[in-house]
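*Asks:* Sharing a model prediction with you, sequence too.
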Amino acid sequence: MNRFILSFLMQLFIASLLFAQGRIIIPEPPRELPNQQIELRNVDAQIHIKENVGTITLEQTFANPSRFRLEGEYLFAIPDEANVNDFYLYIDGKKTKGRVLDAGQADKIYTDIVRSMRDPALLEFVGHGLFKARIFPIEANSERKIELSYNQVIRNDADMYRFTLPIRQCGQGSISQYHMKIELKADRELANIYSPSHQVQINRKDARHVTITMEQNNIESTKDLIIYYSLAENEINANLFTFRPRTDKDGYFLFYASPKYQIDQKKIISKDFIFVIDVSGSMQGEKIEQAREALKFCINGLNKEDRFEIITFSSSVNNFQKALKKAGQDEIENARYFINNLDANGGTNINEAMLTALRLKTERNERPTNIVFLTDGLPTEGEQDINSILANIKNAGNDFIRIFSFGVGYDVNTFLLDKISSDSHGSANYVKPGENIEREISTLFAKISSPVLTDPQIDFANANVYDVYPQKLPDIFQGQSVIALDVIGIPVIQPSCYQENKEILRVNLNIIWNSNGVIVIMILSIISGQTER
């Protein structure tokens, strides 16, 4: 039977390894051994955070890929604000709970165990956040599993919580499998959630509950996972993340804003929708059926103050109402009848369809205008030259109209759809054969039907800010976020985020420099009022 010997020792650890992922180091060997590295193969991290207190459970599997039995030292550093709950080791597949001992007891028992080859589970406390475990034996071509659980108080700095999960370690290039799940809950509504270190999936269960997951193979162990999150204070919540690598060099910052999860419907902006739908012969069958259902979903989701129009096109163009009209009960009923009678035949006159849509609204007002454009083919009627079509749309369009394109199948001109959408600050989406058109359009409409702030801008006053990306911020919708990256040459910022001719969101900041040259920016308040522009 394999014997597994483990003692934990918390001691002072060098700063470069603080917050490091668990690692096993082989001490000086009694003989020459090829490939002595013990590999960290699998990590399963389960984290439960309630506002600012987290419980972290890490299950780590180590492997000895060599042909020799090895003894190793397991090292793991936890944050200063953390304390250990439990640790377990797996001996011959059985989960065994560890015991907490002081340094003298652990050393004596470990020596006795090595002599008698019994199976202990010992934890020794010294301080400063480092665990050290001596593991013997680790058989050739075998694995050992360790489970560690600790609590951590998560600091709130400048209205942002920062949670760090140890992944970084020296000497090992990557971890074969890494699974992480965070259950984040709060007594108040959660606002901005962002990871600058890794790609994570964020799923909002409700206003106060979010799950954050990451599933990666061969993840690089060169940096820790960092999650920032904040609690909602305003209708639109904004935070700034800043960094200045050297005091004699310009710094960088990231502006992150998102509306509350639940917005008062009275504050949802009234808008205009124009649906431009391809009903050419190639749309026959399942595609036209799904397009009908998608249109019904959109029509049913309109607010009574919204206005809409439906334009269908094949070889010719057909208007439903000939104008933008409010989504009253009669108009919705008539629209359903019109949709149910859509039939697919003829060619594809994209140019005339888009020009007809753009002519419906030629003057800017407080209502955002969105064109939802769906086609499954190339232009075959009317103007067919792509550059001419783009020029015509540009000349007829206005900068306050957003175009959201859907290309169905493989016979679409992706350059045309991408260009139409990007020039209007919309988006292009593509539905492959066999995928559901209704689901894709419904998902987009659910987002763009709830605008909270349109045409947002950041005013940096007299600050020396340059290389802003994106140059034009996208609209902010309920449940969505907006990010801006900038370079700043001086440490004074007083930005405002405003909507022209409607309302202004003023971000008041207090900026502090620390000894490392990192700017700490505290957002004091966001004030909503009328713009003077």
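*Replies:* Okay, I see it.
*Asks:* Helix or strand: which one has Ile393?
*Replies:* Here Ile393, judged by DSSP states H and E, is contained in helix 386-396.
*Asks:* To clarify, my last question referred to Ser442.
*Replies:* Counting by DSSP H and E, Ser442 is found in helix 437-448.
*Asks:* Just the buried residues of that helix, please?
*Replies:* Ile437, Glu438, Glu440, Ile441, Ser442, Leu444, Phe445, Ile448 (16 or more other CB atoms under 10 Å). C-beta: built from backbone N, CA, C; applies to glycine.
*Asks:* strands paired with the helix or strand that the helix holding Ile393 is followed by, and their directions?
*Replies:* Once the chain leaves helix 386-396, the next helix or strand it forms, by DSSP H and E, is strand 401-408. As defined by DSSP bridges, the strand partners of strand 401-408 come to strand 369-375 (parallel), strand 427-431 (parallel).
*Asks:* Among those, which comes closest to Thr96?
*Replies:* strand 427-431 (52.5 Å; CB to CB).
*Asks:* Can I get the closest one in CSV, CA atoms only?
*Replies:* Once non-C-alpha atoms are left out, strand 427-431 reads as follows in CSV (Å, rounded to 0.1, in the frame of the first residue of the first chain):
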residue,chain,number,x,y,z
SER,A,427,-23.1,45.1,-35.1
ALA,A,428,-23.1,42.3,-37.6
ASN,A,429,-24.2,38.9,-36.6
TYR,A,430,-24.2,35.6,-38.6
VAL,A,431,-26.4,32.6,-38.5
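*Asks:* what is the mean pLDDT for it?
*Replies:* Strand 427-431 shows an average pLDDT of 87 in the prediction.
*Asks:* So Ala428 is in contact with Val412, correct?
*Replies:* No: when contacts are counted by CB atoms under 8 Å, Ala428 is not listed as touching Val412 (9.6 Å).
*Asks:* residue contacts, Val200?
*Replies:* Each residue near Val200 by CB atoms under 8 Å, 6 or more residues apart in numbering is listed here: Met180, Ile212, Thr213, Met214, Leu225, Ile227.
*Asks:* So which elements touch the helix or strand hosting the first one?
*Replies:* Element membership of Met180 [criterion: DSSP H and E] is strand 174-185. When contacts are defined as 3 or more CB pairs under 8 Å, 6 or more residues apart in numbering; DSSP states H and E, strand 174-185 sits against strand 39-50, strand 209-220, strand 225-231.
*Asks:* Of all the ones you listed, which one is nearest Leu295?
*Replies:* The nearest among the helices and strands packed on strand 174-185, by CB to CB, is strand 209-220 at 32.5 Å.
*Asks:* That closest one pairs with which strands?
*Replies:* Its sheet considered, strand 209-220 pairs with strand 174-185 (antiparallel), strand 201-206 (antiparallel) by DSSP bridges.
*Asks:* mean pLDDT for those: which is lowest?
*Replies:* strand 201-206 (a mean of 89).
*Asks:* what's the span of stretch 71-82, first residue to last?
*Replies:* 28 Å (CA to CA, to the nearest Å).
*Asks:* To clarify, my last question referred to stretch 258-272.
*Replies:* 23 Å.
*Asks:* where does Asn2 land on pLDDT?
*Replies:* pLDDT recorded at Asn2 is 40.
*Asks:* Could you list everything Glu220 pairs with in the sheet?
*Replies:* Under the criterion used (DSSP bridges), Glu220 bridges to Ser174.
*Asks:* For Gly173, see how far away it is.
*Replies:* Per CB to CB, to the nearest Å, Glu220 is found 7 Å from Gly173.
*Asks:* what about these two, which has more around it?
*Replies:* Glu220 (14 against 10; other CB atoms under 10 Å).
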